[in-house]
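*Asks:* Give me coordinates for this.
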Amino acid sequence: MTALPHLHPTDERPVANIPRRLTLVDALLFSATFFLLTSIYVTVISEIWGYAGFEREVSILKTTVSYLLLFGILQQIPRRFSTRSFLLVMIFYIYLVPAYILFAVGGASLLFILVVSLAYLLIFMASWVKVKRVKVGKLSGKSLLALVLGLSMLTVLVTAVYSGFSTFNLNLMKVYDFRSDAAAKLPAIFGYITSPVGKILLPAGVVLSLYYGRTRTALLFVVITVLYFGFAQHKSILFAPLMVYLLYIGIKRTKSLAPIHILLFLIALSGLAELMYNQISGGQNYFFNGLFIRRLFFVPPLIDTMYLEFFSSNPLLLWSQSKVSFGMVASPYELQAPFLIGQEFFGNAEMSANTGIIGSGFSNASLIGVTFYAILLGLVIAFLNVQGQILGHALVASISLTIVLSIMNSSDFVTAFLTHGLLWLLILLLLMPRQDNQGLGDLK
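*Replies:* Residues are numbered from 1 along each chain as shown. Sure thing, here's the model as predicted:
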């Protein structure tokens with residue numbers, strides 16, 4: 001087998017002439033994105049999906065204050081590209097901006113926006129902590145790639161043995177018809193395996209293969225990804241490797257935060273284009289606004305407003321529904337929190353209203369819980385930033401984005417650590433060799 005090539009470190013080369021403050025172009029892009037998303041919320045989201053809790057309470061004062069506060073926050077994010085600055089700006093756009101828009105024009109409470117602001121401040125400060133580099137035994141690049149490939153193939157093989165082909169499906173439109181049956185056939189331990197393999201191992205395998213110039217291995221990971229999607233029936237398994245690879249390529253080539261401002265502006269602009277097309281044609285097809293603008297931006301903070309509203313006046317969970325309590329704390333509710341919120345706000349006890357550090361932290365211990373989870377997430381980002389300095393920010397930032405956004409938007413921190421891949425990601429990064437020792441340098 002041909003030895004892996006020596007790859008020169010490039011991610012840590014100094015980039016000249018990076019402004020210390022937000023550039024005029026980036027400021028204009030942010031401003032346009034904020035007002036475009038605000039307009040879409042008022043004219044589309046609240047109009048069509050108002051029945052789902054998207055209220056419309058437009059306040060010019062709240063909108064102005066929200067814009068100015070967000071502009072000030074964005075100014076504080078470091079301009080030089082790093083894993084930390086990348087993750088902070090992504091959380092800013094994907095969660096913080098929509099949360100402030102809900103406060104400005106969606107009737108979200110003052111308590112909600114204060115809690116959200118506190119959480120982001122704590123994430124920002126905790127991610128600034130200088131985390132010591134953890135020294136563990138490193139694998140060679142070849143051994144690491146073989147380990148990831150072996151674990152991925154073993155997972156798919158075992159899944160196929162248990163599931164068979166009765167629930168195998170590659171039609172994206174029918175995944176919900178097969179998902180429950182597919183999961184029921186697997187042992188309980190797969191609750192700790194499915195998400196980490198789909199969100200961490202397979203995306204990392206694709207990137208590492210191309211990174212080391214192993215095109216055939218990359219294609220093998222693609223085949224494994226498609227097969228695993230067919231058996232497990234989770235769309236994220238299919239799209240995560242592609243998203244991670246595209247992120248890696250984009251970050252590697254630009255080494256800048258500027259493309260993020262452009263990307264978010266283009267997403268918001270696409271929502272406006274769909275709105276204008278429907279107004280001109282008289283149509284009512286809001287697929288893009290419904291799937292991307294509503295679900296990506298506004299559903300997570302909306303669900304968090306519900307958690308804060310409910311648990312502000314009802315008993316807290318105190319981690320009684322979490323594995324960390326080891327069953328020693330009795331839950332005050334028969335339903336798990338996501339289904340409880342589904343019942344209370346949507347009248348459907350089978351609806352799972354998943355939440356991230358805001359809703360989960362508040363439901364467990366009010367402000368103390370949010371503070372605890374926000375600090376933990378900030379420390380994780382600090383650790384990832386250190387690994388980015390060792391391995392290259394492009395790789396670490398790209399493979400860690402999905403799990404960080406999951407913790408922020410839709411997963412309890414403990415659950416993300418145990419079953420959504422955070423633990424796997426940390427172990428994988430610790431085992432990777434340095435840039436100057438078969439590490440992660442230029443893509444061949």
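
*Asks:* Show me where the chain dips below the pLDDT cut-off.
*Replies:* 1-21, 137, 435-444 (pLDDT under 70).

*Asks:* if you set the cut-off to 80 instead, what comes out?
*Replies:* Scanning the chain for pLDDT under 80 picks out 1-21, 133-139, 141, 172-173, 176, 191-192, 210-213, 235-236, 434-444.

*Asks:* ok, then the element right after the helix or strand hosting residue 395?
*Replies:* Following DSSP states H and E, the helix or strand that holds residue 395 is helix 393-409. Using DSSP H and E, the helix or strand that directly follows helix 393-409 along the chain is helix 413-418.

*Asks:* ok, residues contacting that next one?
*Replies:* 192, 319, 322-324, 357, 360-361, 373, 376-377, 403, 406-407, 422-423 (C-beta atoms under 8 Å, 6 or more residues apart in numbering). Every residue, glycine included, has its C-beta placed from N, CA and C.

*Asks:* of the residues you listed, buried ones?
*Replies:* 319, 322, 357, 360-361, 373, 376-377, 403, 406-407, 422-423 (16 or more other C-beta atoms under 10 Å).

*Asks:* if we can go back for a sec, out of the contacts of helix 413-418, who's nearest residue 183?
*Replies:* residue 192 (12.9 Å; C-beta to C-beta).

*Asks:* Identify the residues contacting that closest one.
*Replies:* Residues in contact with residue 192 (C-beta under 8 Å, 6+ apart) are 418, 419.

*Asks:* and if you look at residue 99?
*Replies:* 108, 112, 113, 116, 301, 304.

*Asks:* Among the contacts of helix 413-418, which lie within helices?
*Replies:* Among the contacts of helix 413-418, the members falling in helices (DSSP state H) are 357, 360, 361, 373, 376, 377, 403, 406, 407, 422, 423.

*Asks:* of those residues, closest to residue 24?
*Replies:* When the ones in helices among the contacts of helix 413-418 are compared against residue 24 (criterion: C-beta to C-beta), the nearest one is residue 377, at 31.3 Å.

*Asks:* May I ask you to confirm that the closest one is in contact with residue 124?
*Replies:* No: judged on C-beta atoms under 8 Å, residue 377 makes no contact with residue 124 at a distance of 10.5 Å.

*Asks:* Helices along the stretch 201-350 of the chain, start to end?
*Replies:* Along the stretch 201-350 of the chain, counting by DSSP state H, counting those that start in this stretch, helices occupy 202-211, 215-232, 235-254, 258-281, 287-288, 299-311, 337-346.

*Asks:* Minimum distance to residue 93: which of the ones you listed has it?
*Replies:* Closest to residue 93 of the helices of the stretch 201-350 of the chain, according to C-beta to C-beta: helix 258-281, at 4.8 Å.

*Asks:* That closest one: how far from the chain's middle?
*Replies:* Per C-alpha atoms, centre = their mean, to the nearest Å, the displacement of helix 258-281 from the mean C-alpha position of its chain is 21 Å.

*Asks:* ditto for stretch 113-133
*Replies:* 17 Å.

*Asks:* by how many degrees do the helix or strand where residue 86 lies and helix 258-281 diverge?
*Replies:* Assessed by DSSP H and E, residue 86 sits inside helix 83-91. Orientation note: helix 83-91 sits at an angle of 10 degrees relative to helix 258-281 (axes from the mean of the first three to the mean of the last three C-alpha atoms, to 10 degrees).

*Asks:* which helices and strands does helix 83-91 pack with?
*Replies:* Contacts defined by 3 or more C-beta pairs under 8 Å, 6 or more residues apart in numbering; DSSP states H and E place helix 83-91 against helix 110-126, helix 258-281, helix 357-391, helix 393-409.

*Asks:* still on that earlier bit, which two in the buried ones among the contacts of helix 413-418 are spaced the farthest apart?
*Replies:* 319 and 403 (20.8 Å).

*Asks:* now, among the contacts of residue 99, which is nearest to residue 346?
*Replies:* residue 304 (14.9 Å).

*Asks:* From the centroid of this protein, which residue is nearest?
*Replies:* Centroid-nearest residue in the chain: residue 405, 2.2 Å away (criterion: C-alpha atoms, centre = their mean).
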